[in-house]
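Novice: sequence? don't have it. structure:
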């Protein structure tokens with residue numbers, strides 16, 4: 001039997017016509033090529049090359065052998081080409097979902113890094129609410145969803161993604177804009193903009209008041225955190241928002257105030273139970289987790 005290395009060396013000698021030429025082609029020493037060829041001929045009991053006009057040419061008895069060697073080499077090259085395309089993402093798809101609070105800033109930053117690693121990968125991103133995310137995973141429409149809420153479901157697996165905080169955002173010309181921080185009790189004294197408290201994401205925002213027995217009212221309700229930020233920037237009220245929505249100055253024109261009680265905002269990666277992630281999805285989760293863990297995402301303005 002011939003090893004792939006012996007096939008590669010024999011073909012190099014056939015292509016170049018000399019031991020020295022084969023050595024240069026394969027970037028190895030000529031004596032090493034010579035020894036391997038002698039060993040190969042001895043183990044096969046077959047002379048592979050004849051010397052003619054100072055060059056090595058396939059012997060008549062080895063002509064059919066070299067036909068097969070060429071065929072094998074072509075298949076190896078095909079395999080190498082397929083592997084390179086696969087490693088670069090060619091002909092592959094990454095299907096992912098995210099809740100709005102993570103999709104606005106964090107997902108694009110992670111996708112930028114995934115694209116750099118897999119330049120030919122087709123990427124499909126769906127922005128999903130909680131009820132949509134469940135069907136998205138169970139029906140096999142995507143591999144993972146970045147979530148801001150964990151639920152108990154026998155067919156889904158949740159892994160911690162990142163932990164952040166909740167902040168109060170106010171318009172630049174608001175009286176609170178000069179503050180360095182604010183308490184939950186002070187927040188409820190002002191017109192609030194937010195997500196419906198019956199929505200899982202909205203419930204996270206409103207829990208800071210409910211847990212302290214504070215009465216609050218939302219004067220403007222929106223479906224997404226990004227819309228809430230835009231409404232605050234327009235001077236229509238103040239709001240409580242998670243740090244990932246406003247990270248990296250995503251909404252200039254607002255003041256960000258730490259909340260004295262230090263409320264925590266946890267996020268998760270959801271996937272269908274019992275399934276293994278593709279290398280592309282695993283890469284996305286890894287870099288998303290890194291991006292969300294970066295310090296200095298939110299600048300609280302005095």
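Specialist: Yep, it's here. Note that the structure is a prediction, hence the values are computed from the model and not measured.
Novice: and the gap between residue 220 and residue 259?
Specialist: From residue 220 over to residue 259 the distance is 20 Å, taken as C-beta to C-beta, to the nearest Å. For glycine as for every other residue, the C-beta is placed from the backbone atoms N, C-alpha and C.
Novice: Same drill for these two, tell me which one is more crowded.
Specialist: Applying other C-beta atoms under 10 Å to residue 220 and residue 259 shows that residue 259 carries more neighbours, namely 18 against 15.
Novice: What part of this structure, helix or strand, is modelled with the least confidence?
Specialist: helix 63-88 (a mean of 73; mean pLDDT, DSSP states H and E).
Novice: Now do the SS call for residue 137.
Specialist: helix (DSSP: H, G, I helix; E, B strand; the rest coil).
Novice: Name the nearest residue to it, sequence neighbours excluded.
Specialist: residue 272 (4.9 Å; C-beta to C-beta, 6 or more residues apart in numbering).
Novice: can you check residue 149 too?
Specialist: Distances taken as C-beta to C-beta, 6+ apart place residue 200 nearest to residue 149, at 4.2 Å, with adjacent residues excluded.
Novice: Determine the number of other residues adjacent to that neighbour.
Specialist: Neighbours of residue 200 (other C-beta under 10 Å): 18.
Novice: Show the contacting residues for it.
Specialist: By C-beta atoms under 8 Å, 6 or more residues apart in numbering, the contact list for residue 200 reads 130, 148-149.
Novice: Quick check: the gap between residue 133 and residue 64.
Specialist: 60 Å.
Novice: more neighbours, those two?
Specialist: More crowded of residue 133 and residue 64, by other C-beta under 10 Å: residue 133, with 23 against 10.
Novice: and that one, what does it touch?
Specialist: Contacts of residue 133 were listed using C-beta under 8 Å, 6+ apart, and they are 97, 99, 145, 147, 270.
Novice: got those as TSV, with pLDDT columns?
Specialist: Compiled in TSV, these are given as follows (pLDDT from 0 to 100):
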residue	pLDDT
97	96
99	94
145	97
147	95
270	97
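Novice: Can you say which of the residues you listed are buried?
Specialist: 97, 99, 145, 147, 270 (16 or more other C-beta atoms under 10 Å).
Novice: Now for those: which two are most distant?
Specialist: 99 and 270 (9.8 Å; C-beta to C-beta).
Novice: Identify the contacts common to these two.
Specialist: By C-beta under 8 Å, 6+ apart, residue 99 and residue 270 have these common neighbours: 133, 145-147.
Novice: Just the ones of the residues you listed in helices?
Specialist: Among the shared contacts of residue 99 and residue 270, the members found in helices (DSSP state H) are residue 133.
Novice: Closest to residue 247 out of the shared contacts of residue 99 and residue 270?
Specialist: Minimum distance to residue 247 across the shared contacts of residue 99 and residue 270 is 13.6 Å, recorded for residue 146 (C-beta to C-beta).
Novice: What is the neighbour count of that closest one?
Specialist: Around residue 146 there are 28 residues (other C-beta under 10 Å).
Novice: same check, this time on residue 75
Specialist: Using other C-beta under 10 Å, the number of residues around residue 75 comes to 10.
Novice: hey, where'd the strands end up in the stretch 101-250 of the chain?
Specialist: Secondary structure of the stretch 101-250 of the chain (DSSP state E, counting those that start in this stretch): strands located at 122-127, 144-147, 156-171, 192-195, 218-222, 239-242.
Novice: got the ones you listed as CSV, with distance to residue 180 columns?
Specialist: Formatted as CSV, those follow (distance: least, C-beta to C-beta, whole Å):
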stretch, distance to residue 180
strand 122-127, 34
strand 144-147, 31
strand 156-171, 12
strand 192-195, 21
strand 218-222, 25
strand 239-242, 17
